[in-house]
Structure formats: C-alpha cells, structure tokens
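>>> starting from these lines, generate the structure:
(2 chains)
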Amino acid sequence: MEPVTRVSGTAYPWGAKNIDTDVIIPAHWLKTIKRSGLGKGAFETVRAQPGNIFDDPAYAGAPILIAGDNFGCGSSREHAAWALGDMGIKAVIAPSFSDIFSGNAFKNGIVPVVLPQEAVDRLVEVAKTDPITVDLETMTVTTPYQDRFPFELDAFRRRCLMEGLDEVGLTLAKDTAISKFEERLDDERPWIRRDAAHAGFAVEGAGRT
Amino acid sequence: MSSAPRTLYEKVWDAHVVERRDDGSCLIYIDRHLVHEVTSPQAFEGLRAAGRRVRRPDLTLAVPDHNLPTTARVDANGRELPIADRESAEQLGALRHNVAEFGVPYIDALSAKQGIVHVVGPEQGFTLPGTTMVCGDSHTSAHGALGALAFGIGTSEVEHVLATQTLILSPSKTMEVRVDGTLGYGVSAKDVVLAIIGRIGAAGGTGHVIEFTGEVIRNLSVEGRLTIANMSIEGGARAGMIAPDETTFAYLKGRPLAPTGADWDKAVAWWRTLPSDVGARYDKSVVLNAADIAPSLTWGTSPEDVVPITGVVPAPDSFADPSKREAAQKSLDYMGLTPGTRMQDVPVQHVFIGSCTNSRIEDLRAAAGVANGRHVADGVRAMVVPGSGLVKRQAEAEGLDRIFAEAGFEWREPGCSMCLAMNPDKVPPGERCASTSNRNFVGRQGPGARTHLLSPAMAAAAAVTGRLADVRELMG
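Numbers count the residues shown, from 1 in each chain, chains lettered A, B, ... in the order given. Below is the predicted model of the structure:
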C-alpha cells in the first residue's frame, strides 16, 4: 500500500446521510474477481441523475468526498472502498462511518475522517469553491480560510496508513504468540479444532435433486 | 483477571485475546471463518501473490450462495447445468478452484447441504456459542443468535484471517436491547427487530455490540433469534449477541459439526458460564415493550423507516430533524408513495420469501400457514427461496412446497437470490416488492426496485391479497 500522509485538493461537497454500500457500488459490480476497475460503477444510481455532483466538471477527479452521517452503512463489500479508490478518492470526511466501511477504507489507503456535523457543514460550503487539506501529521483538516478542524484516528491504523504497512505481514510476525494461543485453545476448548472430521466434510456434488 | 461483572460480549472477547497492544487494540483469535464466492477471490489472490497459505483450513468453511441462480442446477440426468451469466460462472469457478488449491473445506453448489452461509453455519453446527466468527458478509451478525461474537469483515480482513486466523480489533462499546413482555397475536421475530431498528435508528448501534435480552428474546426459538441478530447490522451494530441457553444447546446437539461426547459436555459446561453477570454494565441500554410491537414493515429506503401495518405513509414534515425530512422526501419519491396513504392500500407486484434473515424452516411454515388454501393475487409474482438445500428438503417432507405451488408461489433452489439481486432474481424498475430480506436500500433488489421489508407471514399475506396487508386478518 502507498503511504498516505496528506490529502489535498478539491472535494465533492455532498453531505448526504446514510449513504449505503449499495449506492457506492451496486451488487452487479461485485461479480469481479479483481480489485481494480470499479470506479466506473461507483455511485452508478446517483450518476444516472442529471446534474449530479460526481459528473460536475468543477469537482472532476476530486481526492476528497464530504458526506453525512453513517457513510458506508450496509454490506461488508470492500468493493466500496476499491471503487472510491479507483475514482481517485483518498479521504472521506463525515460525522460518522459504518464500522466495516471504516476498516475497509484504512486497508485501501483511504482516510475516513470523522468530524462534528458543524465542521462538515462548514467544509461542504468551503468545498463548493475552494480546496481542502487532510493532514495526518498534524491530524487536522484545514481550508484556505483558516478553518482548522482536529480529528482522531486509531493509532495503529494511522501508522499503517502513514507507513503503507502490510498488516498481514505484521501479524504473521506474531506467529509464536498465535501458536501459543492455539495450544492453550486445544487444551481449554478442545471442541474448537476440527481436524479429520471436518476435513472429510468437503462435499462435492452429491445430493442435489 | 478482574472479578468485576462482565457482559457476554466481554467474556467472549477476553477468551480470544492473543495479545493486548499498547494502543488498546487486541490481536483476537478467530474460531470460525465462513467464506463465499463474492468477497473471497481477491483474498485468495492476495495469499497467492505473497506465497502464503491458509493457517487453519479446519476452522474455515466455504459455501457459494450470492451468485447462484435459484433455478434447477442439474438436468434430468443429474448433470450440472451451466450458469448463463459469464461473470457469475467465473466467480463461482474461482471459489471451487481456490478451495481446492488452499485445502479449504467446501460445500459445493450441487450438494444438498449448500445454502446461504448464515443458514448453513448454524444448521451444520459450525456456529457455536462463545466462538469468534467472521465472514466477508455483514449479516454474519446472525450467528450471534447462538452466543457467538460474529461479525462481517471486508476482503482484506478475509485475507488476514485466512493467513493468520486472527484480526486486530479495538473493543466495541456495549449496548443492551431488552424486549420485555409477550408478543401479541401475529407478531414475529422480524417485527421485533424492525421495531428495534425503528427505535434506535440505522446508525444507533454504530461502534457497539448489541446484546438482545428480555423475556421476548428468551422465548424465541433459535430460528427467531437468528432473524433478530441477523439485522443487528441494519441498526449499525457490527455484531448482536444472545446469551446461549437450553434452547441453544438443544438446537445444536447432534448437528454434524457440533462437538460430541466428552467434548460436548465440556463445551456445554463452558457455554453455561457465558451469560452476562448480574451487575454487568452496558454503555447504552434500550428497552422495548412487546405490547407496543405490531406486525410492521418499512415504508422508505432505510431499514429505520418502520411503521406498523395499521399505519400510514408518514409526511416528511413529521420528522424533527431537517436532514431526515429531506431524506424522507427523497425516499417517498423513490418509493412512489404519497404521505397519508394507508400502508394497507399499497399494491405490490412482487413477493420475495427468502434471504439469510427469513429463509429457515419456521419462516417457511409461517408463510405456508397464510398461503394454505389461498392463491397469489393476479398481477403478483411470488417466490419462495429456501435458505439451504436441507431447509428445502425439510419443507418438502412437510408438504410446504405443495402448499406454495398450489397457491401459485414459485418454489426455488437455495441462495441469496432477490435479497441483493446479484443473481438473475431481480425486481424490475418502478415495481414494488414485499420482501422478507433485510435491506430496502435504493436499487437493492434491482435498479429502481421498491422494497418493503416485512415478516414471512406478512409477505404471504401481501402475495394473496396483492397489497401490503395485516396478516392478523388472514389468520385463524
């Protein structure tokens, strides 16, 4: 993952609430077995409406999206984060995010910035004409008008973003701790491991009438 | 270990901490991982690219469900029929290939055990109390009905679990949703969970794990509890849990993947220690009274837009919050509804009985009870999609398929189907569907489709009357 320390530029001044993942990327786009190329399906139903914000040339290629409460609610599809990333979005600012979307955003180098509603309202106004900056060093969102809104991020996730770390690789380095836990698990809750019985469970075919 | 009273969630969390980190997050061990075709191909590809293996195939189970057509899968000679949609076929093929390459236990589309992951997990006894359980699907919350800490994850996390059998998580806040009293005539688990979401809102549980408690929850079957926990995510909570009890143990005993013998006894003894301690504190508490819950349904495009069937389409002005007012107007425009219209006067063209929320045997029995001796109204297409091949068999053994067929319902093969319209089952633009699924989002059941979420009995009532109907008038 590319390290992210700062996202600066135009922002879609949207502000819409409860934007669900079916709106971000409808289910028929989920048949892909790749991560790339989903930008063309992003916000498909919104883009079907004339005069929509995503086809307004003033915001073309904006790296920031400003949305309302509960952004990314609904399904766990990481395709939503892939679609946003593919359309060039590197930060989303909203009063709240769904937990799953937020996690998916971090893992794809997209910063989910939580700010109070008043700050989001102000940024929607500013973004209509001016650029916005999200800075992970100073943990602030700023505008050319001396607005300065501090935000917080989970420390580990912030570090992963700023250093572009591979989380799977980091956890694999904990192999000893995981193996120790597994030994304890086998002893204390022996019904968890499945081994032979379960391995023989794979069912190919047979039975459908 | 502190002796302070703990909640069910806290006990399960504590039992799975591999390592506590300085920033408060923990490396959490994952006991059970369900995999399906839509959110896994990129995860397996990631493993392949990095030369990594699946750490614990024995704790993993793969089943295709989202993409599968719900039409016949084999011809008269038992030969597999091809899937017409090229991309769906490719994705399903990728799962078959990946499970073989990585040695992951797998239930094939042609097996009678195949079904929606969240129906298959409990049915096979793969889901167990006190386990941590994940799947690349937000309705994984369903498994919390048996006392598991179960939640949906994204594809990068699927890859993380496949490779390490762990996740890095920060503890959630806790929320108790207690439902007191006894359910009224014609009121089901679906009505209860719709009422809960209507009360707390679609973001009410964000950052929290819900524990559902109270007399109503205690008295529900495991099937009903699954319906409730399933929709935790529609209230914003990543997970919803219900304390395991005798109902849970009786449901699990003898299931193919449930523990046996001494392991069973040891497991039950541990499971009995899991319910929240007296005096355990929740960060938030909400109490509902069963007497206030009527057969309910949604009117808008968010699962929080809930109204009793005896109610009317609300006026946007009736909402205090200005942004909700604007959202309500947009919802009504999309739904083609006028404020003040009685919900019971709204005609439907489609009825969908299925999905991980409501496709288990009890759901089909409830729907068949209403359909029995009646007929689907003119101009309505009604479909029943059992949650698994085994649910389908059970229903057929009970003669429910004949009741549905005689009443003019389509009886189909198991899968996610019209809940999310990834397979060919879609609602055409501008048409209206009474649906037992979990999401009424814009375009969820097909572009321009209008969805009303309701219980299986209410869906059957809509099918036979051709409009949204109060099931109580068709019962008894």
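
>>> please parse chain A into its domains.
When chain A is parsed with automatic domain parsing, its domains come out as A:6-165, A:174-205.

>>> the first one close to chain B?
Okay, so that is domain A:6-165. Yes: Domain A:6-165 is in contact with chain B by CB under 8 Å from any CB of the partner chain, via A:17-18, A:20, A:22-23, A:26-28, A:30-35, A:45, A:68-70, A:73-78, A:81, A:96-100, A:103-104, A:107-108, A:154-156. Using the backbone N, CA and C atoms, a C-beta is placed for each residue, glycine as well.

>>> which parts of the stretch 301-450 of chain B are helices?
B:322-335, B:361-371, B:389-397, B:400-406 (DSSP state H, counting those that start in this stretch).

>>> for A:Q117, which of these is the nearest?
helix B:322-335 (8.9 Å; CB to CB).

>>> returning to that earlier point: are any of the residues of domain A:6-165 next to chain B buried, and which?
A:17-18, A:20, A:22-23, A:26-28, A:30-33, A:35, A:45, A:68-70, A:73-78, A:81, A:96-100, A:103-104, A:107-108, A:154, A:156 (16 or more other CB atoms under 10 Å in any protein chain shown).

>>> next, count neighbours for the residue of the stretch 1-150 of chain B found nearest chain A.
Residue of the stretch 1-150 of chain B nearest chain A, by CB to the nearest CB: B:A112 (3.3 Å). B:A112 is flanked by 18 other residues according to other CB atoms under 10 Å in any protein chain shown.

>>> and it, what pLDDT?
Looking at B:A112, its pLDDT stands at 94.

>>> verify the stated contact: it with B:E396.
No: assessed by CB atoms under 8 Å, B:A112 is found out of contact with B:E396, at 11.2 Å.

>>> strands of the stretch 351-476 of chain B, residue ranges please.
Using DSSP state E, counting those that start in this stretch, the strands of the stretch 351-476 of chain B run over B:381-384, B:410-411, B:432-435, B:450-453.

>>> can you list the domains in chain B?
As assigned by the TED database, chain B contains the domains B:8-169, B:173-242+B:274-292, B:296-473.

>>> distance from the chain centre to the shortest one, please.
So the one you mean is domain B:173-242+B:274-292. 14 Å (CA atoms, centre = their mean, to the nearest Å).

>>> next, the distance between the ends of that domain.
Using CA to CA, to the nearest Å, the end-to-end distance of domain B:173-242+B:274-292 comes to 27 Å.

>>> and the longest one, by the same measure?
By CA to CA, the extent of domain B:296-473 from end to end equals 14 Å.

>>> next step: the buried ones among the residues of domain A:6-165 next to chain B restricted to helices.
By the criterion of DSSP state H, membership of these in helices covers A:22-23, A:45, A:81, A:99-100, A:103-104, A:156.

>>> which two of those residues have the greatest separation?
A:T45 and A:F156 (35.1 Å).

>>> give me the phi and psi for residue 55.
No chain was given, so I picked chain A. Phi and psi for A:D55, reported as degrees, to the nearest 10, are phi -110, psi 10.

>>> now the nearest residue to it once chain neighbours are set aside: how far from A:M87?
Leaving aside its chain neighbours, A:D55 sits nearest to A:R47 (6.0 Å; criterion: CB to CB, 6 or more residues apart in numbering or on different chains). Computed with CB to CB, to the nearest Å, the distance linking A:R47 and A:M87 is 11 Å.

>>> same question, A:V126
On the measure of CB to CB, A:V126 and A:M87 end up 21 Å apart.

>>> of the helices of the stretch 301-450 of chain B, which approaches B:A460 most closely?
helix B:361-371 (3.8 Å).

>>> could you check the angle helix B:389-397 makes with that closest one?
In terms of direction (axes from the mean of the first three to the mean of the last three CA atoms, to 10 degrees), helix B:361-371 departs from helix B:389-397 by 40 degrees.

>>> name the helices or strands packed onto helix B:361-371?
helix B:222-230, strand B:350-353, helix B:389-397, helix B:400-406, helix B:456-465 (3 or more CB pairs under 8 Å, 6 or more residues apart in numbering or on different chains; DSSP states H and E).

>>> check the secondary structure at B:R178 for me.
strand (DSSP: H, G, I helix; E, B strand; the rest coil).

>>> just to check, it is in contact with B:N289?
No: contact criterion CB under 8 Å: B:R178 and B:N289 do not qualify, at 9.6 Å.

>>> more neighbours, A:R47 and A:M87?
Using other CB under 10 Å, the more surrounded residue of A:R47 and A:M87 is A:M87, with 19 against 14.

>>> for the residue lying closest to B:A371 once chain neighbours are set aside, what are its contacts?
Leaving out its chain neighbours, the residue that sits closest to B:A371 by CB to CB, 6+ apart is B:A407, at 4.2 Å. Taking CB atoms under 8 Å, 6 or more residues apart in numbering or on different chains, we find B:A407 in contact with B:371-376, B:463-464.

>>> so which bits of stretch B:178-192 are buried?
Applying 16+ other CB under 10 Å to stretch B:178-192 flags B:178-179, B:183, B:186-192 as buried.

>>> can I get the CA coordinates of it in PDB?
Extracted C-alpha coordinates of stretch B:178-192, given in PDB (Å, rounded to 0.1, in the frame of the first residue of the first chain):
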ATOM      1  CA  ARG B 178     -34.100  -5.600  26.100                       C
ATOM      2  CA  VAL B 179     -37.600  -6.600  24.900                       C
ATOM      3  CA  ASP B 180     -40.000  -7.200  27.800                       C
ATOM      4  CA  GLY B 181     -43.400  -8.900  27.800                       C
ATOM      5  CA  THR B 182     -45.100 -11.300  25.500                       C
ATOM      6  CA  LEU B 183     -45.500 -10.900  21.700                       C
ATOM      7  CA  GLY B 184     -49.000 -10.200  20.500                       C
ATOM      8  CA  TYR B 185     -51.100 -12.200  18.000                       C
ATOM      9  CA  GLY B 186     -49.400 -12.300  14.600                       C
ATOM     10  CA  VAL B 187     -46.200 -10.600  15.800                       C
ATOM     11  CA  SER B 188     -43.000 -12.400  14.800                       C
ATOM     12  CA  ALA B 189     -39.200 -12.000  15.400                       C
ATOM     13  CA  LYS B 190     -39.000  -9.900  12.200                       C
ATOM     14  CA  ASP B 191     -41.500  -7.400  13.600                       C
ATOM     15  CA  VAL B 192     -39.400  -7.200  16.800                       C
END
